[in-house]
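Asker: let's see this in three dimensions:
(one chain, ligands or ions: 2)
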Amino acid sequence: MDLLVVGSGFFGLTIAERAAAAGRKVTVIDRRAHIGGNAYSEADPETGIEVHRYGAHLFHTSNPTVWEYVNRFTTFTNYVHRVYTHHKDVVYPMPVNLGTINQFFQAAYSPSEARALIKEQAGEFDVKTAQNFEEKGIALVGRPLFEAFFRDYTAKQWQTDPHKLSGDIVSRLPVRYTYDNRYFNDTWEGLPTEGYTAWLERMADHPNIEVKLGVDYFDETQPLNKKATVGQLPIVYTGPVDRYFDYAEGALSWRTLDFEQEVLNTTDFQGTSVMNYPDLDVPFTRIHEFKHFHPERKDIFAQEKTVIMREFSRFANQEDEPYYPVNTPSDRDGLLAYRELAKGEQDVHFGGRLGTYQYLDMHMAIGSALSMWRNDLAGQDD
Ligand code: FAD
Ligand code: NA
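Answerer: Numbering: from 1, shown residues only. Ligands and ions are numbered 1, 2, ... in the order given. Now for the predicted structure:
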């Protein structure tokens, strides 16, 4: 074995694939029972509908290197992501755009009229002197839009009373003064034609790659554990950085999500893939309806059934799946301390969203793995 990769998410698999192509023998371990990290998906057994087990994953990128690379393993559908929001029994397009504004104010404002209105409403507070999340949000988009579409949705994401949220969690709030409601504005976007798991498996499908599932790097009864391997060969570690150092500098804080999945005896529940619920009287933040991610598969999917998933958001405990870094000032100090410790680890390379305590979209995880391979691991002969 020439390289050990801890974690089989997009970061770890990209490193493994590049190393294998360069002739290295690579072992990938993952403590889960499946490859792919959070991008993993599987067909719901009852309906055949592809369900993203760790939350809906939409691929998008403007990076030509990443786009060329991912197309070696999968083609992409022409799916274009759009999100709607269900506020006080009316559905509006998201992100907040001219369509949302005109529907909300029952008006026909032009872009410049809408801009002038929002500017006037935002004058209630000044961004520079705003005391908390609420004042800052109003300073950015005005009270009516803030209260309808941002205040309570954000409070639900943080499970915190909106009046107790800090202004630091927002620097801007998206408002578009056109009718464009495409969610992403990247050059390329789409879903893997045969699903995420087929794509992830193809990355690992190389005679030089061995994948071992159900193996935790910190379990000393396993031969490939931290104690037995550090210093013996190059290691790419994509698990949580604080866990690697036994929380010596404290636990970094994360938000997690809880998912409630349900099969319904109806052909179409909500007419779209993602519906946000920004009001406090509903406990979840969104509902995903997976069949809408793949309209081209409608003949394969069950006709009279659909799979929905309600998403709830909260602070993570140590035993929860870490999803989004909270990034408080003390987290930032902790991260700097862990980065110092990481420098002292012989030939251990920390990568991915958990290893760097950073939210990374898939294209960013892949792009950063390609850079790590080129800069730190490939060497001159590759
Ligand atoms: P991960 O996928 O988390 O992989 C890390 C792997 O390491 C895991 O499989 C884990 O089991 C393993 N591991 C951890 N500890 C150990 C250990 N001790 N021993 C062995 N293995 C271990 N990106 C997009 O581009 N579009 C989206 O729409 C999108 N939606 C998202 C929605 C949610 C809810 C979340 C959380 C993320 C979303 N992402 C999205 C981001 C995407 O999931 C990440 O970019 C991707 O997961 C990053 O890959 P990674 O390899 O860094 O981490
Ligand atoms: Na203002």
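Asker: going forward, measure contacts between C-alpha atoms and count neighbours the same way
Answerer: OK.
Asker: which residues in the stretch 51-200 of the chain form strands?
Answerer: With DSSP state E, counting those that start in this stretch as the criterion, the stretch 51-200 of the chain has strands at 59-61, 83-87, 90-94, 188-190.
Asker: make a markdown table out of those strands and add mean pLDDT, mean neighbour count and distance to ligand 2.
Answerer: Shown next, in a markdown table, are the strands of the stretch 51-200 of the chain (pLDDT from 0 to 100; neighbours: other C-alpha atoms under 10 Å; distance: least, C-alpha to the ion, whole Å):
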| stretch | mean pLDDT | mean neighbour count | distance to ligand 2 |
| --- | --- | --- | --- |
| strand 59-61 | 98 | 20 | 33 |
| strand 83-87 | 98 | 19 | 24 |
| strand 90-94 | 97 | 19 | 22 |
| strand 188-190 | 98 | 18 | 34 |
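Asker: output those as a markdown table; include the columns distance to Q159.
Answerer: Listed next are the strands of the stretch 51-200 of the chain as a markdown table, based on distance: least, C-alpha to C-alpha, whole Å:
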| stretch | distance to Q159 |
| --- | --- |
| strand 59-61 | 28 |
| strand 83-87 | 18 |
| strand 90-94 | 22 |
| strand 188-190 | 31 |
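Asker: tell me which of those sits nearest to F149.
Answerer: strand 83-87 (7.6 Å; C-alpha to C-alpha).
Asker: does that closest one reach ligand 1?
Answerer: No. Using C-alpha under 6 Å from any ligand atom, strand 83-87 stays clear of ligand 1, coming no nearer than 11.9 Å.
Asker: what is that strand packed up against?
Answerer: strand 90-94, strand 274-276 (3 or more C-alpha pairs under 8 Å, 6 or more residues apart in numbering; DSSP states H and E).
Asker: I'd guessed F259 sits against R314; true?
Answerer: No. F259 lies out of contact with R314 (C-alpha atoms under 8 Å); the separation is 11.4 Å.
Asker: and for the closest residue to G214 other than its chain neighbours, the neighbour number?
Answerer: Nearest non-adjacent residue to G214, counting by C-alpha to C-alpha, 6 or more residues apart in numbering: R31, 4.3 Å away. R31: 19 surrounding residues under other C-alpha atoms under 10 Å.
Asker: so who does R31 touch?
Answerer: Shown in contact with R31 (C-alpha atoms under 8 Å, 6 or more residues apart in numbering): G7, L213, G214, V215, D216, Y217.
Asker: doesn't Q222 make contact with the fourth one?
Answerer: Spelled out, that is V215. Yes. Assessed by C-alpha under 8 Å, V215 is found in contact with Q222 at 7.1 Å.
Asker: okay, the two: which has more neighbours?
Answerer: V215 (21 against 12).
Asker: what parts of the chain come near ligand 2?
Answerer: A122, G123, F125, D126, A139 (C-alpha under 5 Å from the ion).
Asker: and these, which two are the farthest apart?
Answerer: Top of the distance list for these (C-alpha to C-alpha): A122 and D126, 7.9 Å.
Asker: quick one, which of those two is more surrounded?
Answerer: Shown here are A122 and D126; by other C-alpha under 10 Å, A122 has more neighbours (23 against 15).
Asker: correct me if wrong: the more buried one contacts F146.
Answerer: No. Contact criterion C-alpha under 8 Å: A122 and F146 do not qualify, at 9.6 Å.
Asker: looks to me like I287 is in a strand.
Answerer: Yes. Assessed by DSSP: H, G, I helix; E, B strand; the rest coil, I287 belongs to a strand.
Asker: which residues does T85 bridge with?
Answerer: Assessed by DSSP bridges, T85 has beta-bridge partners Y92, N276.
Asker: do you know how far it is from D216?
Answerer: 40 Å (C-alpha to C-alpha, to the nearest Å).
Asker: check the stretch 201-350 of the chain for the residue nearest ligand 2 and tell me.
Answerer: Ligand 2 sits closest to P278 of the stretch 201-350 of the chain, with a gap of 22.8 Å, by C-alpha to the ion.
Asker: so what's the residue lying closest to that residue once chain neighbours are set aside up against?
Answerer: Nearest residue to P278, sequence neighbours excluded (C-alpha to C-alpha, 6+ apart): Y153, at 4.3 Å. By C-alpha under 8 Å, 6+ apart, the contact set of Y153 is Y277, P278, D279, L280, T285.
Asker: over to L370?
Answerer: Per C-alpha under 8 Å, 6+ apart, neighbours of L370: T14, I15, R18.
Asker: tabulate the residues you listed (JSON lines), appending pLDDT, neighbour count and distance to K298.
Answerer: JSON lines is the format used below for the contacts of L370 (pLDDT from 0 to 100; neighbours: other C-alpha atoms under 10 Å; distance: C-alpha to C-alpha, whole Å):
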{"residue": "T14", "pLDDT": "98", "neighbour count": "25", "distance to K298": "32"}
{"residue": "I15", "pLDDT": "98", "neighbour count": "29", "distance to K298": "35"}
{"residue": "R18", "pLDDT": "98", "neighbour count": "20", "distance to K298": "36"}
